[in-house]
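In: Got a predicted model here, sequence first, then my questions.
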4 protein chains.
Amino acid sequence: MNTNQTPKKKPGRPKITTENNITREQILKTAAHLFMAYGYEKVSMEQVAEASDVTKASVYYYFKNKATLFTVSVSSMFQRITKQTEKLLQNSKGLKHRLYEVTLDHLKRPHIDFETLLQEATSSLTEGHIHEIREAEKAIHEALENVFKQAANSGEIVVASPRLLAHTFSTVTMIRNKKELITELGGPEKTAQALVDLFWVGISPN
Amino acid sequence: MNTNQTPKKKPGRPKITTENNITREQILKTAAHLFMAYGYEKVSMEQVAEASDVTKASVYYYFKNKATLFTVSVSSMFQRITKQTEKLLQNSKGLKHRLYEVTLDHLKRPHIDFETLLQEATSSLTEGHIHEIREAEKAIHEALENVFKQAANSGEIVVASPRLLAHTFSTVTMIRNKKELITELGGPEKTAQALVDLFWVGISPN
Amino acid sequence: MNTNQTPKKKPGRPKITTENNITREQILKTAAHLFMAYGYEKVSMEQVAEASDVTKASVYYYFKNKATLFTVSVSSMFQRITKQTEKLLQNSKGLKHRLYEVTLDHLKRPHIDFETLLQEATSSLTEGHIHEIREAEKAIHEALENVFKQAANSGEIVVASPRLLAHTFSTVTMIRNKKELITELGGPEKTAQALVDLFWVGISPN
Amino acid sequence: MNTNQTPKKKPGRPKITTENNITREQILKTAAHLFMAYGYEKVSMEQVAEASDVTKASVYYYFKNKATLFTVSVSSMFQRITKQTEKLLQNSKGLKHRLYEVTLDHLKRPHIDFETLLQEATSSLTEGHIHEIREAEKAIHEALENVFKQAANSGEIVVASPRLLAHTFSTVTMIRNKKELITELGGPEKTAQALVDLFWVGISPN
DNA sequence: AATGAATGAGTGTTCATTCAT
DNA sequence: AATGAATGAACACTCATTCAT
């Protein structure tokens, strides 16, 4: 995969993307971690730099300001999560089981919520930044939405608004922050199961 | 003999009682608004002071630091919300309708989420502060939980864990932040209706 | 001494100095203690008030500002020390023994040095304040100086400048701050003895 | 292979070596002057910055907080004084004359006393800081102590505790603050002479 | 005589950002 | 590509002081 590792040599001087990417990627990953863990304001560029083992000035070499760094790092993380979610949604088991797996996956992430993060950062970001992040976020919801639509079409579920369902479902995983509750319910697996059950049959005694 | 011991007449200017301490109340209300709107870090004591039409030092006269101001103001707001929620839950209409009203009430609040807020502020608060807020928050969930329990006992609904249901229900109202979605669904009333329906019957085709 | 204690009644309504003095005196004493222990800047009016069990405003009722409070409280303390020093100097034992007792007395005081204190406070005090304190301080030196003069006249000691001797002697007791050294020398008594010996015979071998 | 491991060429702007780091040195010197003149609390970081012709933030770039700046600047000054004192003590003249020169040198310094300063700053410093300063201070005393020891061995003087003598001698120069007295005695030279004489022969008539 | 309320001016410290190297 | 130096603007918090009660 790495341009340096593959023996097939391109003509001309290769772009020095390799080393760049190592540093840049390192910063991005570190930043995402930190932002997720502590929020936007609480994380300083200095912290990001230190944790990335470079200097503050280096961070500015790659990202023109904090808002940009935030936007890029969070968007990338969204993309990774989207991929993971899609993978979980695309196996052949029944929808209910797939939902359970997605729920469990989200419950186990140790991070702050995206909504949280975004709300907090909003006043520091430009319209463009917010848009970029929202787009990245949308991908996750769309993945869920599509699955719900298909399931609705095939009669596997009945749902008024697949979109609302997707959002609701996604939002609910914020419950992961309430550790006490999860413990009380017997751990993440049980909690995930209970949540999916709740969504599945509702509360009406019919 | 000593004036201190005998409560004859207290020397000095009499203290303004908490209820009609207009300045303090003003600060509290303003602070709650600001924290809800912009988060913990983004709101400066100066801002609170200015918006309350007093000086920064006055804010410090009433609240010994930012964490305390935050705790007190947020807790007070929780109490107000709890009261309102309880009122809505205690009328005589069917549970579904009551849930609809609570949902609608929450959807209409223009604020950041408590969870969000708390997560962000956490690292600046002491254990005691967090505890205080959590206690205030718990009241809301308990109000919901009790209603669910009663409804379960009377056979009005079927529910595995009233607690999880309460939390989930409460969390879901965070969807209020997604204004686009609400618009798309036809406004808060329709959205509230759709959410309650979702909870009510679930998604299984049974 | 106290007007209230002596049965001899003055005609007319007595000045309400009694209660005043109790509070005022309390503040003065507390302030002196605090200033001696922590220096001028480090002690806040709030601290003085709290430690005196009154409010800040009360302190201002008796003393128009911090500089004044400092001046009065420190001067009073000087007077107390002067009295004590004079008492020790006026008994009938030999001069050397009396010096030993004064030295020991000073070594045992747990306070910051006056010089220290004054130097630090200087920039916050007016000329008048400084003068007042210096006058109070002078009394101590004069007590010593007079004793030295008498001893010189009676041939008990030989001294070029009694004044320099008084200052030097007084300054030397600042060694009390070097607790390690005092311990090493075997405690305050031994240290006092060694110091007096040093002054007594000097270091010349003759 | 890795540029980081092989010391081929360090990336980025080369660091200015400590010796010719003019800014840092400037700050240190200014800070020492100010602290000596006005004490710890009275000197603000802003003042130091202004007097050093840099911004406050620059001061923080070099010293992580006020306590550290204080410690470093005072320690450096101690080192300079130690050097000077050692130089004066190591010439070939008689001990009495050398003591005179050291005394005169100290009397002429226009500063606050170290003890004073340290006492005042103590509550703001960490154990480590205090230790560092004390170590630097010790050097001066040791220089004196060693000279006294040698003189005692060679029979030039008779002294019970060279250490106490060193401390006492050093403490006595605090008299420099009493400008009136020095004037009265006919200037620093005469005062220095009188002090050394006092130490030399003591006050006993024998 | 004594106090609660309120404030202006400062203090130490942090941080995103820029710039020359 | 990466860094050390430097800064402006902000921030939480403190404190001496005033004033009406």
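Out: Sure, I can see it. Fair warning: this is a prediction, and the values are worked out from it, not measured in the lab.
In: Run the contact check for the helix or strand encompassing A:V74 versus DNA strand F.
Out: Element membership for A:V74 (DSSP states H and E) is helix A:66-89. No: shown here: helix A:66-89 not in contact with DNA strand F (C-beta under 7 Å from any atom of the strand), separated by at least 11.9 Å. C-betas here are computed from N, CA, C, even on glycine.
In: Which elements pack onto the helix or strand following that helix?
Out: As assigned by DSSP H and E, the chain's next helix or strand after helix A:66-89 is helix A:95-108. Other helices and strands packing on helix A:95-108, by 3 or more C-beta pairs under 8 Å, 6 or more residues apart in numbering or on different chains; DSSP states H and E, are helix A:66-89, helix A:127-153, helix A:162-172, helix A:188-201.
In: surely A:L88 meets A:E101?
Out: Yes: A:L88 is in contact with A:E101 according to C-beta atoms under 8 Å; the separation is 4.8 Å.
In: between the two, who's got more neighbours?
Out: Here A:L88 and A:E101 are compared on neighbour count by other C-beta atoms under 10 Å in any protein chain shown; more neighbours surround A:L88, at 20 against 17.
In: Count the residues that sit near A:R134.
Out: When neighbours are counted by other C-beta under 10 Å, A:R134 registers 14.
In: What of A:T55?
Out: 14.
In: what's near enough to touch it?
Out: With contacts defined as C-beta atoms under 8 Å, 6 or more residues apart in numbering or on different chains, A:T55 is in contact with A:49, D:12.
In: Please apply the same query to A:I140.
Out: A:78, A:81-82, A:85, A:170.
In: Who wins on neighbours among the residues you listed?
Out: Highest neighbour count within the contacts of A:I140, by other C-beta under 10 Å: A:S170, with 23 neighbours.
In: what about chain A, any weak spots by pLDDT?
Out: Low-confidence segments of chain A, defined by pLDDT under 70, are located at A:1-20, A:110-112, A:206.
In: so who does the residue nearest the centre of it touch?
Out: When C-alpha atoms, centre = their mean is applied to chain A, the residue found nearest the centroid is A:F78 (3.5 Å). A:F78 sits next to A:114, A:133, A:136-137, A:139-140 when contact means C-beta under 8 Å, 6+ apart.
In: what separates it from DNA strand F, distance-wise?
Out: 25 Å (C-beta to the nearest atom of the strand, to the nearest Å).
In: ditto for A:V158
Out: With distances defined as C-beta to the nearest atom of the strand, the gap from A:V158 to DNA strand F amounts to 50 Å.
In: any idea what that residue is structurally, helix, strand or coil?
Out: At A:V158 the chain is in coil, as set by DSSP: H, G, I helix; E, B strand; the rest coil.
In: since we're on A:M174, how many residues are nearby?
Out: Neighbours of A:M174 under the rule other C-beta under 10 Å: 24.
In: for A:K179, same thing?
Out: 10.
In: buried sites along the helix holding A:V74?
Out: Buried positions in helix A:66-89, judged by neighbour count with 16 or more other C-beta atoms under 10 Å in any protein chain shown: A:66-78, A:81-82, A:85-86, A:88-89.
In: May I see the helices and strands packed on helix A:95-108 organised as a markdown table, with distance to B:I157 added?
Out: Rendered in a markdown table, the data for the helices and strands packed on helix A:95-108 read as follows (distance: least, C-beta to C-beta, whole Å):
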| stretch | distance to B:I157 |
| --- | --- |
| helix A:66-89 | 30 |
| helix A:127-153 | 24 |
| helix A:162-172 | 18 |
| helix A:188-201 | 11 |
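In: any chance of these in TSV, with distance to DNA strand E too?
Out: Output for the helices and strands packed on helix A:95-108, formatted as TSV (distance: least, C-beta to the nearest atom of the strand, whole Å):
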stretch	distance to DNA strand E
helix A:66-89	4
helix A:127-153	12
helix A:162-172	29
helix A:188-201	33
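In: Nearest to B:T17, out of the ones you listed?
Out: Closest to B:T17 of those, according to C-beta to C-beta: helix A:162-172, at 42.4 Å.
In: residues in contact with the closest one?
Out: Outside of helix A:162-172, the residues that reach it under the criterion C-beta under 8 Å, 6+ apart are A:99, A:103, A:106, A:115, A:140-142, A:144-145, A:148-149, A:152, A:159, A:195, A:199, B:168, B:171-172, B:174-175, B:178, B:181, B:184-185, B:191, B:194-195, B:198, B:203.
In: Could you list the contact residues of chain A toward chain D?
Out: A:55, A:57 (C-beta under 8 Å from any C-beta of the partner chain).
In: roughly how far is the helix holding A:V74 from the heart of the chain?
Out: 5 Å (C-alpha atoms, centre = their mean, to the nearest Å).
In: then that helix to CSV, C-alphas only?
Out: Once non-C-alpha atoms are left out, helix A:66-89 reads as follows in CSV (Å, rounded to 0.1, in the frame of the first residue of the first chain):
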residue,chain,number,x,y,z
LYS,A,66,-7.2,24.9,15.7
ALA,A,67,-10.6,25.0,14.1
THR,A,68,-9.2,23.3,11.0
LEU,A,69,-7.4,20.7,13.0
PHE,A,70,-10.5,20.0,14.8
THR,A,71,-12.6,19.7,11.7
VAL,A,72,-10.2,17.5,9.9
SER,A,73,-9.5,15.2,12.8
VAL,A,74,-13.1,14.8,13.8
SER,A,75,-14.2,14.2,10.2
SER,A,76,-11.6,11.5,9.7
MET,A,77,-12.8,9.8,12.8
PHE,A,78,-16.3,9.9,11.6
GLN,A,79,-15.2,8.3,8.4
ARG,A,80,-13.6,5.5,10.3
ILE,A,81,-16.6,5.0,12.4
THR,A,82,-18.9,5.0,9.4
LYS,A,83,-16.8,2.3,7.8
GLN,A,84,-17.0,0.2,10.9
THR,A,85,-20.7,0.7,11.2
GLU,A,86,-21.3,-0.2,7.6
LYS,A,87,-19.3,-3.3,8.0
LEU,A,88,-21.4,-4.4,10.9
LEU,A,89,-24.6,-3.5,9.1
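In: excluding its backbone neighbours, what's nearest A:K108?
Out: Take A:K108 and drop its neighbours on the chain: the residue closest to it by C-beta to C-beta, 6 or more residues apart in numbering or on different chains is A:P188, 5.7 Å away.
In: Distance check, that neighbour against A:T168.
Out: A:P188 sits 19 Å away from A:T168 when distances are taken as C-beta to C-beta, to the nearest Å.
In: try A:S161
Out: Distance, A:S161 to A:T168, by C-beta to C-beta: 9 Å.
In: Same question for A:V147.
Out: The spacing between A:V147 and A:T168, counted by C-beta to C-beta, is 14 Å.
In: and which of the contacts of A:F78 is nearest to chain D?
Out: Looking at these and their distance to chain D, the nearest is A:I133, at 31.7 Å (C-beta to the nearest C-beta).
In: correct me, but the closest one touches A:T71?
Out: Yes: the pair formed by A:I133 and A:T71 meets the contact definition of C-beta under 8 Å, at 5.8 Å.
In: Find residues that contact each of the two.
Out: Overlap between the neighbourhoods of A:I133 and A:T71 consists of A:L125, taking contacts as C-beta under 8 Å, 6+ apart.
In: Give me the more crowded residue out of A:P188 and A:T168.
Out: Shown here are A:P188 and A:T168; by other C-beta under 10 Å, A:T168 has more neighbours (22 against 18).
In: Contacts made by stretch A:178-189 with the rest, please.
Out: For stretch A:178-189, using C-beta under 8 Å, 6+ apart, the contacting residues are A:104, A:107-108, A:175-176, A:191, A:194, B:161, B:163-164, B:167.
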